[in-house]
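> Next come a sequence and a model predicted from it.
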There are 2 protein chains.
Amino acid sequence: MADRKEIIVDPDFKEAEQFLRKNIMKRKFIIGIVDCEIRYEGRSSSKLTRGERLFILKPDGAFIVHRRTGYEPVNWQPSGSFASVINKGDHLLLKVVRPRPSEVLEVKIYSIKFIAAFELHDTGVFSMIGDEKDMQEAIKLEPSLVENGLKIIELERKTKPGFIDVLAVDKNGRLVVIELKKNRADEQAVIQLKKYVDSLKREIGGEIRGILVAPGLTRRAQRMLATLKLEFHPLSVEKCLNVLREKKGLVKFLPS
Amino acid sequence: MADRKEIIVDPDFKEAEQFLRKNIMKRKFIIGIVDCEIRYEGRSSSKLTRGERLFILKPDGAFIVHRRTGYEPVNWQPSGSFASVINKGDHLLLKVVRPRPSEVLEVKIYSIKFIAAFELHDTGVFSMIGDEKDMQEAIKLEPSLVENGLKIIELERKTKPGFIDVLAVDKNGRLVVIELKKNRADEQAVIQLKKYVDSLKREIGGEIRGILVAPGLTRRAQRMLATLKLEFHPLSVEKCLNVLREKKGLVKFLPS
DNA sequence: GAGTGGATTTCGCAT
DNA sequence: ATGCGAAGTCCACTC
C-alpha cells in the first residue's frame, strides 16, 4: 500500500525542500515532475532551457532526468553522486555533484507537479542469456559448431594485445584462434583477430589459423579478412543457445 | 497545477488497466511504481524476478524500467515501440513491442503503488559544448593549437576508410592528417589515424604526416604511435573552448 | 536498410 | 586509477 505521505502534489518550495531533504537523507527512491532549467558542467557542459521533465534520484546517488520523448535521459549523474536542495525563493535549486570526475548538475526548479519518495523493495534477480559469453560456452561444449574435429584448448587465453576468446587445435594439429562476435562482425573484429594471431605467432611460431565466428560480416570486414588470410565461420547466438539447452539444460531460465 | 485525475494511488487491476489504456491512447507521459516481474525477448533474452520498480512510458513509445539503484535501466524498449495492457486477473500484463528488430518486453504487474499520466509541456532547448566537434571548430579557427604555421585545408575530408577529422598543410608544405580525440586516445585512435594516412598516401602520394590530437595517450597507443611513425600533440577540450570563446564569443550559452 | 564513429557513453573485469 | 572490450548499447549521419 502506498502511504499518503509518500506522494505530495503541487507543493510549494518550502514544502518541497523539506520533503526532498528528508527523503534524500533517508535514502529513498525519489521521483518528481517539475518545470525546470538544467545546467551541467563536467566532462562537457550543457544547458537545457525551461520545460517540464521527470527526475529520478536514487538511494545510491544516481540521478536521471527524462524529457517527454526518447530512450535516453537528457541529463544525469551516475551512482555515487550527492544531491542537495536549496530554496532560492524564486526557484528550488536541486544540485547533484559527482566527486570524480568532478561534475556538477544543477536543476533550477520553477514549479512542481508532484514529488514522491518510496522505499522500493527489490530483491529480484536479473539474468540474461544470449551474449558473447554464451557463444563461448556453447563452442566449448560443442566445438563442431565452428568446425569438425576442433579441440578447445583454452578460453580467454592471454596474449600481449589481449585475450583470445577461444583457442583451439584443428584436426590437422594447427592452432586456431577464434574471435567471437554476437552481431555482424565489422572491420574492428578482423583487426582484433589479426592482432591475436600475430601475437601468438611471435610467441609460439608456426602456422596459426584465425577464424572469425559471427552471424555475418560487413563488406569491409569481408575484404579485410581475405586480405589478411583469415577465415570466417557463420554462427548465430540462437544456435548457440539451442546447443546450451540440449547439452546442459540451460537452467538460467525458461520461457514463462 | 497537477490535476487529481493525473495520479492514482493503489489502484486495482481494473482501474489501472482502464487508466493505462486511456492514457496510452492519449499519448501521455506515464509513470508508475509497481511490483513486477519482467521478461525480455529479442536480440537477447532476459528475465527479472519479482520486485518493485519504476516504469516510464513515453508518448513516442519509449519504455524504461528502473530498479532501486544504478544509472542504467534494467529493461527498456526504445522510441517507436508499442505498448498494450491486459488484465490477466492475478496480474496486469504490460506488453511493449518493438517492431524492428522484433523485440518484446513483458511486465507482469502484481501490484501498483501508484501510476500517473501527464502532458509534460516541454519546448526547452538543449545545447551542449565540449565535444569532438568543438575541438574541430577551435582548430579551424586557431590552427596553432596543434602546430605553428599550420593551414587547414578541409574538415571531414572523405577517404576510402572514412572521414579525416582535419586535413591541413604544415609550414613546409607537407600534408597533415589530424585525428581528434576528446578523451585520452587509445590504440583504436592510432589505427584510425594510420588508415587515413595510408589511404591518402595511396590517393595522393608523397610524404604525409599524421598527428593524433588528444589530451593524452594510453601506453599501448603511445607504443603503436611510435612504431607507425605518427605524431602526437596534446590538446584538451577546455583549451579549445577558451579559443572558441575568444574568437567567436561562443554564444551557445554562458554560465548562469 | 547497412555501415561507421561518437558518447558527459556505462559497466565489468583485470592489471 | 588505468586499460580494454562488451553492450539488447543508443544516436546521428552517410551511402
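Thanks, I have the structure now.
> Backbone torsions only: list them for the residue of the stretch 1-150 of chain A found nearest DNA strand D.
Proximity of the stretch 1-150 of chain A to DNA strand D (Cβ to the nearest atom of the strand) peaks at A:Asp131, 3.0 Å away. Where C-beta positions appear, they are placed from N, C-alpha and C, glycine not excepted. Note on A:Asp131: backbone dihedrals following degrees, to the nearest 10 are phi -110, psi -180.
> Isn't it up against A:Lys182?
Yes - using Cβ atoms under 8 Å, A:Asp131 is in contact with A:Lys182, at 6.2 Å.
> any common contacting residues for those two?
A:Val237 (Cβ atoms under 8 Å, 6 or more residues apart in numbering or on different chains).
> Comparing those two, which residue is more hemmed in?
A:Lys182 (19 against 15; other Cβ atoms under 10 Å in any protein chain shown).
> ok, now which ones touch A:Val169?
Contact partners of A:Val169, counting by Cβ under 8 Å, 6+ apart, are A:150-151, A:153, A:175-176.
> roughly how far apart are it and DNA strand D?
Taking Cβ to the nearest atom of the strand, to the nearest Å as the measure, A:Val169 falls 22 Å from DNA strand D.
> what's across from that residue in the sheet?
A:Lys151, A:Leu175 (DSSP bridges).
> Most neighbours among the contacts of A:Val169, which one?
A:Val176 leads the contacts of A:Val169 on contacts (other Cβ under 10 Å) with 23 neighbours.
> Would you mind stating the distance between the residue of the stretch 1-150 of chain A closest to DNA strand D and B:Ser45?
10 Å (Cβ to Cβ, to the nearest Å).
> Now the common contact residues for the two.
In contact with both A:Asp131 and B:Ser45: no residue, using Cβ under 8 Å, 6+ apart.
> Retrieve the pLDDT associated with A:Asp3.
With respect to pLDDT, A:Asp3 scores 60.
> Please apply the same query to A:Glu154.
Value for A:Glu154, per-residue pLDDT: 95.
> I'd assumed A:Leu167 was in contact with it.
Yes - contact criterion Cβ under 8 Å: A:Glu154 and A:Leu167 qualify, at 4.6 Å.
> Neighbour count: those two, which is higher?
Set A:Glu154 next to A:Leu167 and count neighbours by other Cβ under 10 Å: A:Leu167 wins out with 20 against 12.
> I figured that one was touching A:Thr159, is that so?
No - counting by Cβ under 8 Å, A:Leu167 does not reach A:Thr159; the two are 9.2 Å apart.
> For those two, list the residues in contact with both.
Contacts common to A:Leu167 and A:Thr159, judged by Cβ under 8 Å, 6+ apart, are A:Leu200.
> Can you list the neighbours in contact with whichever strand or helix holds A:Leu200?
Taking DSSP states H and E as the definition, A:Leu200 sits inside helix A:187-204. By Cβ under 8 Å, 6+ apart, the residues outside helix A:187-204 that reach it are A:159-162, A:164, A:167, A:175, A:177, A:179, A:181, A:208-212, A:214, A:218, A:220-221, A:224-225, A:228, A:230, B:188, B:191.
> does the nearest residue in space to A:His121 that is not next to it in sequence sit in a helix or strand, and which one?
Leaving aside its chain neighbours, A:His121 sits nearest to B:Glu52 (5.1 Å; criterion: Cβ to Cβ, 6 or more residues apart in numbering or on different chains). Using DSSP H and E, B:Glu52 maps to strand B:45-57.
> I'd like the contacts of A:Val169 as TSV, with distance to DNA strand C appended.
Formatted as TSV, the contacts of A:Val169 follow (distance: Cβ to the nearest atom of the strand, whole Å):
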residue	distance to DNA strand C
A:Leu150	25
A:Lys151	24
A:Ile153	18
A:Leu175	21
A:Val176	23
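> And the strands in the stretch 51-200 of chain A?
Using DSSP state E, counting those that start in this stretch, the strands of the stretch 51-200 of chain A run over A:63-66, A:75-77, A:82-87, A:92-98, A:103-118, A:126-129, A:151-159, A:162-169, A:175-180.
> Where does the prediction get shaky in chain A?
Across chain A, the ranges flagged by pLDDT under 70 are A:1-4, A:250-256.
> how near is the residue in it that DNA strand C sits nearest to to B:Lys160?
Across chain A, the shortest distance to DNA strand C (Cβ to the nearest atom of the strand) belongs to A:Arg220, at 3.1 Å. Look at A:Arg220 and B:Lys160: by Cβ to Cβ, they are 9 Å apart.
> How about A:Glu207?
A:Glu207 is 31 Å from B:Lys160, by Cβ to Cβ.
> okay, those two: which has more neighbours?
Neighbours around A:Glu207 and B:Lys160, counted as other Cβ under 10 Å, are more numerous at B:Lys160. The numbers are 12 against 8.
> re earlier: buried stuff in the helix holding A:Leu200?
A:187, A:189-200 (16 or more other Cβ atoms under 10 Å in any protein chain shown).
> So which elements touch the following helix or strand past it?
Next helix or strand after helix A:187-204 toward the C-terminus (DSSP H and E): strand A:208-214. The contact analysis (3 or more Cβ pairs under 8 Å, 6 or more residues apart in numbering or on different chains; DSSP states H and E) places strand A:208-214 against strand A:175-180, helix A:187-204, strand A:231-234.
> okay, the angle between strand A:208-214 and strand A:162-169?
110 degrees (axes from the mean of the first three to the mean of the last three Cα atoms, to 10 degrees).
> Residues contacting strand A:208-214, please?
With Cβ under 8 Å, 6+ apart, strand A:208-214 has contacts from A:135, A:139, A:146-147, A:166, A:170, A:174-185, A:189-190, A:193-194, A:196-197, A:200-201, A:221, A:225, A:228, A:230-235.
> do that strand and DNA strand C meet at all?
No - Strand A:208-214 stays clear of DNA strand C (Cβ under 7 Å from any atom of the strand), getting no nearer than 11.1 Å.
> Okay, now the sheet partners of that strand, with direction.
Strand A:208-214 is paired, per DSSP bridges, with strand A:175-180 (parallel), strand A:231-234 (parallel).
> Pick the most buried one from the ones you listed.
strand A:175-180 (a mean of 24; mean count of other Cβ atoms under 10 Å in any protein chain shown).
> Stretch A:76-92 vs DNA strand D: in contact?
No - using Cβ under 7 Å from any atom of the strand, stretch A:76-92 stays clear of DNA strand D, coming no nearer than 10.3 Å.
> neighbouring contacts of that stretch?
Contacts for stretch A:76-92 (Cβ under 8 Å, 6+ apart): A:13-14, A:16-17, A:20-21, A:24, A:57-58, A:60-65, A:93-99, A:103, A:105, A:108-110, A:112, B:69-71.
> Any of those residues buried? List them.
The buried subset of the contacts of stretch A:76-92 (16+ other Cβ under 10 Å) comprises A:13, A:16-17, A:20, A:24, A:57-58, A:60-65, A:93-98, A:103, A:105, A:108-109, A:112, B:71.
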